[in-house]
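K.L.:
model this:
(chains A and B)
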Amino acid sequence: DTGVSQDPRHKITKRGQNVTFRCDPISEHNRLYWYRQTLGQGPEFLTYFQNEAQLEKSRLLSDRFSAERPKGSFSTLEIQRTEQGDSAMYLCASSRGSGGLPGELFFGEGSRLTVL
Amino acid sequence: DQQVKQNSPSLSVQEGRISILNCDYTNSMFDYFLWYKKYPAEGPTFLISISSIKDKNEDGRFTVFLNKSAKHLSLHIVPSQPGDSAVYFCAATSMEYGNKLVFGAGTILRVKS
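P.N.:
The predicted structure follows:
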């Protein structure tokens, strides 16, 4: 399977703990996006990378959130001192950046975070 | 401030009939619009898109219509099939947005056989 993969699929943690999610994009894609989706809402943009450079961060991404994409391959999203409001599905997506249809993102299955 | 709105949380349609899903947007900067489909336990998948220079785009059973003056788009599925039952998200973007997508809240489509 050469699609976008995310790990873990589900994480349950206690409030105050740190969690880290990993995303492996489609190999030839140079753009990588993180979105967050809560119940009854559509995905909300968090941040995106062009290769290893983080080009934009949403104001939704508080200083407890950090994302990296070392060497422009896989990416990690870390949430420090988790709060119950962080409970959501965290979606990773990738795209070609150029040459593909505008906005055509390929999403992974998501990592569901439950903060108790 | 929701820039992309899908006002119908759900829609139920009989198999073989037409499904019409609606979407409104407020930001005039958007110039590209997309529909994504999402099955349970899967990520959203791209379905069809339309540029603001067009008013219609068709792909098999799926047609997207864009009314720029009304800031409204719709997705028509004809004929509807039970396998079309899913959540449908409308999304918008522009070059100024770095092609990042702004999504609506989604519409749950149920096609009854």
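
K.L.:
right, quick check: stretch A:68-86 against chain B, any contact?
P.N.:
No - applying CB under 8 Å from any CB of the partner chain, one finds stretch A:68-86 separated from chain B by no less than 15.0 Å. For glycine as for every other residue, the C-beta is placed from the backbone atoms N, C-alpha and C.

K.L.:
Can you give me the buried ones in that stretch?
P.N.:
Within stretch A:68-86, the residues scored as buried using 16 or more other CB atoms under 10 Å in any protein chain shown are A:69, A:72, A:74-75, A:77, A:79, A:82, A:86.

K.L.:
farthest-separated two in those residues?
P.N.:
A:G72 and A:T82 (27.6 Å; CB to CB).

K.L.:
Around chain A, pick out the residues from chain B.
P.N.:
B:4, B:6, B:9, B:32, B:34, B:41-46, B:49, B:51, B:89, B:91, B:93, B:95, B:98-106.

K.L.:
Mind doing that once more with 6 Å?
P.N.:
Within chain B, the residues that sit near chain A (CB under 6 Å from any CB of the partner chain) are B:32, B:34, B:42-44, B:46, B:49, B:89, B:93, B:99-101, B:103-106.

K.L.:
quick one: least confident of those?
P.N.:
Note: of these, the lowest pLDDT belongs to B:N99, at 71.

K.L.:
Neighbours of that residue, how many?
P.N.:
Neighbour count of B:N99, defined by other CB atoms under 10 Å in any protein chain shown: 21.

K.L.:
Look up which helix or strand it falls in, please.
P.N.:
Here B:N99, judged by DSSP states H and E, is contained in no helix and no strand.

K.L.:
That one contacts A:P102, doesn't it?
P.N.:
Yes - here B:N99 reaches A:P102: they are 5.3 Å apart, a contact under CB atoms under 6 Å.

K.L.:
mind listing what B:Y39 touches?
P.N.:
By CB atoms under 6 Å, 6 or more residues apart in numbering or on different chains, the residues touching B:Y39 are B:A86.

K.L.:
how much space is there between it and B:G98?
P.N.:
Using CB to CB, to the nearest Å, B:Y39 is found at 28 Å from B:G98.

K.L.:
Repeat that for A:E52.
P.N.:
Taking CB to CB, one finds A:E52 at 16 Å from B:G98.

K.L.:
related to what we said a few turns ago, which pair of the residues of chain B next to chain A spans the longest distance?
P.N.:
Spatial extent of the residues of chain B next to chain A (CB to CB) is set by the pair B:Y32 and B:E42 at 23.6 Å.

K.L.:
more neighbours, those two?
P.N.:
Set B:Y32 next to B:E42 and count neighbours by other CB under 10 Å: B:Y32 wins out with 21 against 13.

K.L.:
What count of nearby residues applies to the residue nearest to the more buried one when sequence neighbours are not counted?
P.N.:
Distances taken as CB to CB, 6 or more residues apart in numbering or on different chains place A:P102 nearest to B:Y32, at 4.6 Å, with adjacent residues excluded. Here the number of neighbours of A:P102 (other CB under 10 Å) works out to 18.
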